[in-house]
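K.L.:
Sequence first, predicted coordinates after that:
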Amino acid sequence: DHHGRRNVEKIYEMEIVDGQASGHEQLSFTTDPSRYLHPAISMDESFMIFSSDRTPSSGGLDLFISRKSSSGWSTPQNMGHLLNSSSHEWYPFLDHHNNLYFSSAGHMGYGAYDIFVCYYNGSGWDSPRNLTSFFNSELDELGFSIHPNRQIALLSQMKEGESTGQVYTISLNEQALLQADNPEIKDIAILLSDLVETGYTEGDLPSSGTML
């Protein structure tokens, strides 16, 4: 608290010119008492997905989308019950195909929080798919992202209820990188899509997860 007020997370934006940041301004739609976390912006900067407990909500933190126009960012819209659950959906990340990755405890998974992906279909996003047991476990998986060079992914993992954990790097192997005649081989997002589509798993999904 600060002077009797609760400090909560907000989203700001600033201009970067020639590598130099100048000023910062809070986004107008974040001036209410709600929390605004983990903004993910599309490659063409036309829309942003973030996590918030603003209304309307399915419960906990939901994913919202705001679109940018010449007049600024639009009023956020809840991304709906297909993506959002009664638990938290947070740490969204958009790859260069606009596929949406996020962490949730409300969809069927291996632990409390798993990483899920919703594939972009050109106008919206398909149902969440678990990123398989290659990434997810009985621990909490959070903060998945793909490095801009498309060859490395990052993932944090922690035990339920603990505040510290491990960060893992997932990189393409040398054999994949040598396949210069097929540029898609060098795109880890394409390989992740193949992984999910083939249903890589070490066992059945045991539970729907629980909130921390």
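P.N.:
Arrived safely.

K.L.:
where do the strands sit along the protein?
P.N.:
Per DSSP state E, the chain carries strands over the ranges 12-17, 20-26, 36-41, 47-52, 62-69, 72-73, 77-78, 89-94, 100-104, 114-118, 129-130, 140-146, 152-158, 166-171.

K.L.:
Against which helices or strands is the fifth one packed?
P.N.:
Packed against strand 62-69, as judged by 3 or more Cβ pairs under 8 Å, 6 or more residues apart in numbering; DSSP states H and E, are the following elements: strand 47-52, strand 77-78, strand 89-94. The way it works is simple: take the backbone N, C-alpha and C, and place the C-beta from them, glycine included.

K.L.:
Is it possible to get TSV of those strands that adds mean neighbour count and mean pLDDT?
P.N.:
Below are the helices and strands packed on strand 62-69 laid out as TSV (neighbours: other Cβ atoms under 10 Å; pLDDT from 0 to 100):
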stretch	mean neighbour count	mean pLDDT
strand 47-52	23	98
strand 77-78	14	98
strand 89-94	23	97
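
K.L.:
Turn the ones you listed into JSON lines, including distance to residue 122.
P.N.:
JSON lines is the format used below for the helices and strands packed on strand 62-69 (distance: least, Cβ to Cβ, whole Å):
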{"stretch": "strand 47-52", "distance to residue 122": "14"}
{"stretch": "strand 77-78", "distance to residue 122": "18"}
{"stretch": "strand 89-94", "distance to residue 122": "14"}
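
K.L.:
Nearest to residue 26, out of these?
P.N.:
Among the helices and strands packed on strand 62-69, the nearest to residue 26 by Cβ to Cβ is strand 47-52 (13.3 Å).

K.L.:
so how far is the closest one from its chain's centroid?
P.N.:
Offset of strand 47-52 from its chain centre (Cα atoms, centre = their mean, to the nearest Å): 9 Å.

K.L.:
Which strands and helices lie in contact with it?
P.N.:
Strand 47-52 sits against strand 36-41, strand 62-69, strand 89-94, with contacts defined as 3+ Cβ pairs under 8 Å, 6+ apart.

K.L.:
quick one: contacts for residue 27?
P.N.:
10, 11, 12, 13, 36, 66, 73 (Cβ atoms under 8 Å, 6 or more residues apart in numbering).

K.L.:
Show the model's pLDDT score for it.
P.N.:
Residue 27 carries a pLDDT value of 96.

K.L.:
how close does it sit to residue 48?
P.N.:
Distance, residue 27 to residue 48, using Cβ to Cβ, to the nearest Å: 9 Å.

K.L.:
what sits in contact with each of the two?
P.N.:
Common neighbours of residue 27 and residue 48, using Cβ under 8 Å, 6+ apart, are 66, 73.

K.L.:
angle of the longest helix seen in the chain against strand 140-146?
P.N.:
With secondary structure taken from DSSP state H, the chain has its longest helix at helix 188-197. With axes from the mean of the first three to the mean of the last three Cα atoms, to 10 degrees applied, the angle from helix 188-197 to strand 140-146 works out at 140 degrees.
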